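# I need the structure of the sequence given here:
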Amino acid sequence: MALRFSSTHQMQMAVTWAIVDLYLNPEYITLLRVEAMVPFTFSQGANVPAGNLVAIPQREIMRDSTRYTSPESFNPYRFMTDSSTEAVSRYTDVNWDYTFWGSPHLPCPGRWYASYAMKHVLVHLLTTYDVELLNPQAKKCFTWTTAIVPKSNMCIRVSKRDVGGGAS
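Reported below is the predicted structural model:
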């Protein structure tokens, strides 16, 4: 399978096969998240006690006021320069200030496909449907290790947008 932009449609089957393979072989899932079996010390001196995970603290990085102005507030222009419509960085970029795709040393190899798919789904949802939270005051997520996970009981209402205004 070629990994070009023109062949991203082929990736859907590869992702499906990978998910089915993990489902059929659950013993491999635990290997994807490894914890320290014995105490470990990194060359820089950081200690990891047995039983702990080593991961990137994405929540803390993305909400760090030394990295981002008003990190707790939504700002759709956060990654744009002040004087243009050009982005300072791309969604698939990997650096220590934006670790969504992993560390710069070992980033997610499927980030371009995932980004492409997410953007298409979002464009379809935003141009075709109205979406609203049924309980805007409810807590929307929780953290598990270093992951920010949406609450499973968070409910949204999705209704098809009337764009035509009737028959012509």
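# Residue 154 is in contact with residue 137, isn't it?
No - proximity of residue 154 to residue 137 does not meet the contact threshold set by C-beta atoms under 8 Å, at 11.3 Å. For the C-beta atoms, the positions are set from N, CA and C on the backbone; glycine is no exception.
# Geometric centre of the protein: which residue is closest?
residue 100 (5.8 Å; C-alpha atoms, centre = their mean).
# Assess the claim that that one and residue 59 are in contact.
No - Residue 100 lies out of contact with residue 59 (C-beta under 8 Å); the separation is 11.2 Å.
# Between residue 154 and residue 137, which is the more surrounded one?
Remark: of residue 154 and residue 137, residue 154 carries more neighbours, 13 against 6, as counted by other C-beta atoms under 10 Å.
# Could you report the pLDDT at that one?
Reported pLDDT at residue 154 in the predicted model: 82.
# Please apply the same query to residue 168.
pLDDT at residue 168 comes out at 47.
# now swap in residue 81 and tell me
68.
# likewise residue 19?
At residue 19, the model reports a pLDDT of 69.
# can you check residue 123 too?
For residue 123, pLDDT reads 92.
# do the same with residue 104
For residue 104, the model assigns a pLDDT of 83.
# hmm, back to that, quick one: contacts for the residue nearest to the centre of the chain?
residue 58 (C-beta atoms under 8 Å, 6 or more residues apart in numbering).
# Residue 135 too?
By C-beta under 8 Å, 6+ apart, the contact list for residue 135 reads 154-155.
# Could you report the pLDDT at it?
90.
# go on, residue 144?
For residue 144, pLDDT reads 69.
# Could you measure from residue 75 over to residue 69?
Distance, residue 75 to residue 69, using C-beta to C-beta, to the nearest Å: 8 Å.
# between these two, who's got more neighbours?
residue 75 (11 against 8).
# residues near the closest residue to residue 96 other than its chain neighbours, how many?
Using C-beta to C-beta, 6 or more residues apart in numbering and skipping the chain neighbours, the partner closest in space to residue 96 is residue 104 (6.6 Å). Using other C-beta under 10 Å, the number of residues around residue 104 comes to 12.
# any idea how far residue 104 is from residue 71?
In terms of C-beta to C-beta, residue 104 sits 21 Å off from residue 71.
# Do you know the pLDDT at residue 39?
If you check residue 39, the pLDDT there is 93.
# So what are the structural domains in this protein, by residue number?
1-32, 49-160 (automatic domain parsing).
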